[in-house]
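Chemist: 3D, please:
(one chain, ligands or ions: 1)
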Amino acid sequence: MRRTLAAAISLALSVSATSVAFAQEAPAPVAQDAAPPVVKATTQLPRNVRPLNYTVSVVPHADKLAFDGKAAIRIEVLEPTDKVVLNAVDMTFANVVLNPENGRVQKPKVSIDANAQTATFAFDKPLAAGVYLLSMDYTGKIGTQANGLFAIDYDTKAGKKRALYTQFENSDARKFIPSWDEPNYKAVFDLTADVPARQMAVSNMPVAESKDLGNGMKRVRFQTSPKMSTYLLFFGVGDFERATTTSGATEIGVVTQSGVLDQAKFALQSSADVLKEYNDYFGVPYPLPKLDNVASPGRSQFFGAMENWGAIYTFEYALLLDPSISTQSDKQGVFSIAAHEIAHQWFGDLVTMSWWDDLWLNEGFATWMAARTTQKLHPEWNTALYAVGGREAAMGRDSVATTHPVVQHVETVEQASQAFDAITYQKGGAVISMLEGYVGSDAWREGVRAYMKKHAYGNTVSDDLWRAVQDAAGKPILDIAHDFTLQPGIPLIRVESATCTNGKTTLQFKQGEFTRDRPDKQPLTWRVPVIAQGLGGQPVRTLVENGAGSVEVPGCNPVIVNAGQSGYYRTLYTPQQFAGIRDAFPKLAPIDQLGLMGDTWALGMAGLQASSDYLDLAMRVPADADPQIWGDVASSFESIDRYYEGDDARQKRFRAFAVKTLRPAFARIGWDAKPNEADPVAILRTELIGALAQLGDEQVIAEARRRFAAGDEKAMPAPLRRTILGVVARNADAATWDKLHAMAQAEKSAMVKDQYYALLAVPEDQALAKRALDLALTEEPGETNSAGMIANVGGLHPDLAFDFAVAHMPQIDAKVDTTSRARYYPGLGNNSLDPSMPGKLKAYAEQHVAPTSRRATETSIANIEYRMKVRKDRLPVIDTWLQKHGG
Ligand SMILES: [Zn+2]
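Modeler: Model prediction:
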């Protein structure tokens, strides 16, 4: 699964720098310190019965938001029992019958436990061990948010339409099929559905047979699935179109609503490219006959795309490229999201974690694999530098007390949902990068191939992967892997001294721990693979163990620690070392420039070095630096700007400096794309326009307004359209907001319409933000847009959005998918600098959130308290620096 892309929703609205941008990621409730190695097979169901095969027929009634089902489940009773317990939610049952292979047919008593999400089938006498067929008729509900079987209504030129899709991860297959809905109960599925004859039905496998029922309906039976986990089953039906290509023996498809199939061309070609690459990388060919990617209108607060085996589901904004509005960064997103979901076809679908404790095996691996593959197949995008942003996202989350280890113990369904966070995705991916760097990419790939081969169609725990890599590499990694995955937090490598003798520089390291909220914490200990490199020299490797280490680097030049940035740790230099690296900044490799900026920002805000050190680096960024370096400067300036909110005089002084620093970089690239310019430049253009506008650059705001008023293709070319609209919406007055509103109402493209409604929620003007909140509660924006609108208001008006959401909780709960609820409300308040917000969050959690699911709230509180501390303690240092540098 790919988490929801906040950037795709909030458009030009950017309120935080890299180190805090992902702080909204929710935590998961686990013990703080090292968890024991996970060998325990967790389950919420009794383990005495297991499913072998589900034969399921459904008849959806899309108009009534309900469906009828028939299930015949072949089960194996492993030890005698008088009851069979399985998962079911919102279902009723009739005609339940148990057929033994030999013997008497039995009719069990059925009882439902809504809280436990189970149905129990009780028999008069214990069933003997053996194989049985459990059959039943049942009914279920069709939802309006992306959980279980759900409906999405959308606008088209031909009027309103409704399509049905499913979303089961982590635990919602139980809303569609009475089932053993846990990842380690793998089984095969035979699915049949009665659907309108003119519509297209899609599932994991190709259609085996389609029969006209004569009443405007047809019965579609899909081929038998491979053995797989319940959460990977997919079913969709609607007024769809499909385009295909082939890669080897596999038919690759994209499925969209009718009329927009052309917009999926890039996704189709990308899928073919990626599948070819993965067939080679994994050494086990993709095992299904087809691989579809199904585009759906709407959105979810929980996810952007889902890796159902053979039938990936992706929201339109993450799959389609609309020639009127899509940008370079949308294009890169389409590719990397497809690469992520296709990686899951092996890591997750073919080999699946035994239990949610090891969710990172799915998500960390897919995150890493997508990054690697995007860089390999599209080097012109230079996405290798994104690794630093991913690491910063993880560290933002990993540096407060409520963090958790990558491998964490999960008990409840809600805890499993909360595990989809920056630790699982970005830290998991970063740790893999570090270990791949440690053993070498060939040995790593050999290990992965052996792991795939050995565990195909099975379930694993993390140590299965570590052992396979260790065997392939002939080098121990288990201890390092455990240090970084079984204990939480971030190593801090302190450069204690650097001395040059006989043409060699010796660095002495001491290992501490980087935290944002516990300066006096006793550090945990890690074995840290460290790579150091003297300016212009070769990288040198060492392992820091037991809290200390050293390295000898040829030459007497400044030394960059974590050269290449593959290490998951922060580096704190002595002031003298830092000064040397700072002055050499323009000569560093771009990835090391970015890494150094990330560390300098985070360490400065935490008070471990001067908070103004980041500005010293920013001043040394050459005008022709890599576009992503300027992107980092722009977003960090936006972040500092937010800290000055409400203090006009000081904010004005900072803005003058920030605008003066960014303008030359923007002047180089200008408003209009140049022929043959590099792709990252197009992305930087949108970032600089957004940042300069936020920093109050009147020229940029005026030009955006001029282009909006002109409104034509030349003034608002597709790559700039959303950026210009974002600036205009943010600075909107009532008349402008009304105009944007009218555009949203008139729009017939579902994807573009969704983006207009998101834009209506970004104004700085409080009265307009309130109107956006009221609008979000109406039917008008569409069922799945409202939660995103309220979250967008929370970007600039966190207190307003949070208070509003809490005051309208019953209405808003209906507009948020159940998987996101525990983190949705605290996320709204996350950007607050109001001292009363932590208390409000606490009161909310105590009243509405189970004690085992409160980490999202606690993390928001930690972030708010940290931000207040930054404002109080770090801004004065920046003020002093600005005075000195004529800000
Ligand atoms: Zn994923």
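
Chemist: In this structure, spot the helix with the most residues.
Modeler: Ranked by residue count and defined by DSSP state H, the top helix of the chain is helix 648-669.

Chemist: What lies in contact with it?
Modeler: With contact meaning Cβ atoms under 8 Å, 6 or more residues apart in numbering, helix 648-669 is reached by 615, 618-619, 621, 623-625, 630, 633-634, 637, 640-641, 644-645, 677, 681, 684-685, 688-689, 691-692, 695-697, 700, 875, 878-879, 882, 885, 887. Quick note: C-beta positions are derived from backbone N, CA and C, even for glycine.

Chemist: Going through those, which ones are buried?
Modeler: Burial of those was assessed by neighbour count (16 or more other Cβ atoms under 10 Å); the buried members are 615, 618, 621, 625, 630, 633-634, 637, 640-641, 644, 684-685, 688-689, 691-692, 695-697, 700, 875, 878-879, 882, 887.

Chemist: Which residues of this protein lie near the ion?
Modeler: Residues of the chain lying near the ion by Cβ under 5 Å from the ion: 1, 363, 366.

Chemist: how does it look with 6 Å?
Modeler: Contacts of the chain with the ion, taken as Cβ under 6 Å from the ion, map to 1, 2, 340, 344, 362, 363, 366.

Chemist: Which pair of the residues you listed spans the longest distance?
Modeler: 2 and 362 (11.3 Å; Cβ to Cβ).

Chemist: average pLDDT across the longest helix of the chain?
Modeler: In this model, helix 648-669 has an average pLDDT of 96.

Chemist: If you count neighbours, what's buried in that helix?
Modeler: Neighbour counts using 16+ other Cβ under 10 Å place 650-651, 653-655, 657-659, 661-662, 665-666, 669 of helix 648-669 among the buried residues.

Chemist: and if you look at stretch 763-779?
Modeler: 763, 765, 768, 769, 771, 772, 773, 775, 776, 777.

Chemist: Restricted to helices, list those.
Modeler: Short answer: the buried residues of stretch 763-779 in helices (DSSP H) are 768, 769, 771, 772, 773, 775, 776.

Chemist: got those residues as CSV, with pLDDT columns?
Modeler: Below are those laid out as CSV (pLDDT from 0 to 100):
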residue, pLDDT
768, 98
769, 98
771, 98
772, 98
773, 98
775, 98
776, 97
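
Chemist: For my notes, please list these in TSV and give distance to residue 444 for each entry.
Modeler: Formatted as TSV, those follow (distance: Cβ to Cβ, whole Å):
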residue	distance to residue 444
768	52
769	48
771	53
772	48
773	49
775	50
776	46
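
Chemist: between those residues, which is nearest the ion?
Modeler: Nearest to the ion out of these is residue 776 (Cβ to the ion; 28.0 Å).

Chemist: Can you name the residues that contact the closest one?
Modeler: 761, 785, 786, 787, 789, 790, 793, 815.

Chemist: State the number of residues packed around the third one.
Modeler: The number of residues packed around residue 786, counting by other Cβ atoms under 10 Å, is 24.

Chemist: isn't it right up against residue 813?
Modeler: No: contact criterion Cβ atoms under 8 Å: residue 786 and residue 813 do not qualify, at 11.2 Å.

Chemist: Low-confidence ranges, the stretch 101-250 of the chain, go.
Modeler: Applying pLDDT under 70 to the stretch 101-250 of the chain flags no residue at all.

Chemist: By proximity to the ion, which residue of it wins?
Modeler: residue 169 (8.8 Å).

Chemist: So that residue: helix, strand or coil?
Modeler: Under DSSP: H, G, I helix; E, B strand; the rest coil, residue 169 falls in the coil class.

Chemist: same deal with residue 271?
Modeler: Secondary structure, three-state DSSP: residue 271 is helix.

Chemist: Not counting sequence-adjacent ones, nearest residue to it?
Modeler: Distances taken as Cβ to Cβ, 6 or more residues apart in numbering place residue 252 nearest to residue 271, at 5.0 Å, with adjacent residues excluded.
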